[in-house]
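sharing a model prediction with you, sequence too.
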Amino acid sequence: MLMTGVSAGRPVTGSKVTPAAPFFPATCCPPLGRRGLLVGGAAVLGAAALGGGCDDVRHSQGDARPGADSTAGQPNPIGHTHAQSSAAATAIISAHAIAPDDPWAVAHGIRAMGATFTIASGQRGVDFLLRHVTDVVVNGRTLLAFPEKVEVHPNSFLKTMLEAGVPLDYRFTHKGRSRTLADLVDGARLLFRPQTMMDPNTIPWSLIAFSRTTSTVRRRWTNAWGEQVDLDAVVDVALRDLEAASTPIDAAMRAGRPLSGKPPVHSFTCGGTHLLYGLLSAIRYGFGPKDARPRVEHQTALMVWRMGGADVDLISRFYAGLPRDPINTWRELNAKLKVLGHAEECLAFATRQVRMTLTPAQQAQRAAGVQMLHRLLADVHALNLQQVRALDPVTYQQLIGDTCHAQHGLAMRSLREPGPGKADWSGRLT
């Protein structure tokens, strides 16, 4: 049972937060290249000149806040039910996550649509990503890995394939040789260095990949540098980081008050949602310290509270201090989509795979977040995304990726049975 005896804080009305940086400073998308930065910089000036009065870039709900239900008494627009949201998200993903020059977007397409996701060239997305595998030589050993500049976060492509159900014996050709996904798992384990890869913005994807492919009877291994890796200890450090960064949220939830400002966890990738998901995967497959489950359950309770309105309220106050121009409207929409979509992924995994039970109050908070998520996906679907791309390429990129996460979370929520289980890993490393 998740933590009980706490209630959601009430929104603060009339207060404003003076913004100093984007709401979520760390995201799971790659940095733009020089061309993208130049285009984006020029576009910001153009958007500022447009202001909020240009009809074709104004928010799809007029002057309403992103996600606001301004359609009461009107026919439901696309996105207000699960089926409609799925249709909206699928349309966005099918049009914008298929570019054969954007591995990051394609990986998110696989996240949303599964291992059979196909890109514009007709190639399967999995095969397209595997074309980017490279050799890494450490102490005379040649290992397979995805380049960091392509993958962005270590083992994010690998864990995406594993979660999509791509088997370890799946074959691809690298430099004329037939290789398998298991070879990439070997490489990931041997290249993992706890001393340099334990940052909260680095570790989440490795937690997922390793927990799904490591035998519980062989919980430790030696990496390519001869260093010992203890997966239980790695999970404990990551959990301590999440707990420390979430302390202000815990205090606000217990007191039944809104967040007074951004807590440290909001500086983690996508607001700390990736780290929670990684920890949920770890306990799902039996890794972590003895008290890991109740501790992760409590962090999940905090995520329920955040999804129930706390984060959206803070985001609204954050953007209320900014001019209501198109770019700020899009960024507010994206910040809300980001946290709710990623949060639903966490909660769907927690309830279906980890078998956590939500209280009736927590179920209501989650349902409120999901309903808001439906409206946000409808808002994204109504945007002219090509125009967003031209004026604000960073936000465009994030809108596509976050739509993929939202689709994946909603799809997991609707599944009748849990998704692909633990990989059949024999533990070939010594």
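It's in.

all contacts plus neighbour counts: C-alpha atoms, from now on.
OK.

where's the residue minimising distance to the centre of the chain, which helix or strand?
Among the residues of the chain, the one closest to the centroid is His342, at 4.7 Å (Cα atoms, centre = their mean). Using DSSP states H and E, His342 sits within helix 326-352.

mind giving me the packing neighbours of that helix?
On a contact count with 3 or more Cα pairs under 8 Å, 6 or more residues apart in numbering; DSSP states H and E, helix 326-352 meets helix 34-50, helix 273-284, helix 292-305, helix 311-320, helix 360-382, helix 393-414.

buried residues, it. List them.
Burial within helix 326-352, assessed by neighbour count using 16 or more other Cα atoms under 10 Å, is assigned to 326-350, 352.

let me know the pLDDT of the residue nearest to the centre of the chain.
The model reports His342 with a pLDDT of 98.

now Met161
For Met161, the model assigns a pLDDT of 98.

wait, it sits on Asp127?
No: look at Met161 against Asp127 with Cα atoms under 8 Å: they stay out of range, at 10.5 Å.

looking at the two, which one has more neighbours?
More crowded of Met161 and Asp127, by other Cα atoms under 10 Å: Met161, with 23 against 15.

so what's the backbone phi/psi at Leu143?
Main-chain torsions, Leu143, degrees, to the nearest 10: phi -120, psi 160.

right, and it touches Arg179 too?
No: applying Cα under 8 Å, one finds Leu143 not in contact with Arg179, separated by 11.4 Å.

between these two, which is the more surrounded one?
Leu143 (19 against 16).

state the distance from that one to Ser211.
According to Cα to Cα, to the nearest Å, Leu143 and Ser211 sit 20 Å apart.

over to Asp241?
From Asp241 across to Ser211, the span is 18 Å (Cα to Cα).

ok, Leu347 next?
18 Å.

also Cys28?
According to Cα to Cα, Cys28 and Ser211 sit 20 Å apart.

who has more neighbours out of those two?
Shown here are Cys28 and Ser211; by other Cα under 10 Å, Ser211 has more neighbours (28 against 18).

what sits up against the strand or helix carrying that one?
Applying DSSP H and E as the criterion places Ser211 in helix 204-213. Residues from elsewhere that reach helix 204-213, judged by Cα atoms under 8 Å, 6 or more residues apart in numbering: 153-156, 158-159, 162, 185, 189, 231, 235, 274-279, 281-282, 285-287, 421-425.

tell me the strands beside the helix or strand that comes right after it, with direction?
Downstream of helix 204-213, the first helix or strand assigned by DSSP H and E is strand 220-222. Under the criterion DSSP bridges, strand 220-222 sits next to strand 228-230 (antiparallel) in its sheet.

could you point out which element follows the partner strand?
helix 231-245.

and the spatially closest residue to His274 that is not a sequence neighbour, how far is that from Leu276?
If the residues on either side of it in the chain are set aside, His274 comes closest to Pro204, at 5.8 Å by Cα to Cα, 6 or more residues apart in numbering. Taking Cα to Cα as the measure, Pro204 and Leu276 are separated by 8 Å.

Gln397 now?
23 Å.

of the two, who's got more company?
Per other Cα under 10 Å, whichever of Gln397 and Leu276 has more neighbours is Leu276, with 25 against 21.

give me the neighbour count for the closest residue to Arg220 other than its chain neighbours.
Counting by Cα to Cα, 6+ apart, Arg220 lies nearest to Asp230, which is 4.6 Å off, once chain neighbours are set aside. If you count neighbours by other Cα under 10 Å, Asp230 ends up with 16.

check Glu148 too.
For Glu148, using other Cα under 10 Å, the count is 11.

which residues touch it?
Residues counted as contacts of Glu148 (Cα under 8 Å, 6+ apart) are Pro154.

how about it, phi and psi?
The phi/psi pair for Glu148 (degrees, to the nearest 10) is phi -60, psi -40.

which helix or strand contains Ser178?
Using DSSP H and E, Ser178 maps to strand 177-180.

looking at the chain, which helix or strand does the model trust least?
helix 34-50 (a mean of 43; mean pLDDT, DSSP states H and E).

per-residue pLDDT, Cys28?
70.

where does it fall, helix, sheet strand or coil?
Secondary structure, DSSP: H, G, I helix; E, B strand; the rest coil: Cys28 is coil.

surely it and Gly271 touch.
No: look at Cys28 against Gly271 with Cα under 8 Å: they stay out of range, at 10.3 Å.

what angle separates the helix or strand hosting Arg254 from helix 292-305?
Per DSSP H and E: Arg254 is located in helix 247-255. Inter-element angle recorded for helix 247-255 and helix 292-305: 70 degrees (by axes from the mean of the first three to the mean of the last three Cα atoms, to 10 degrees).
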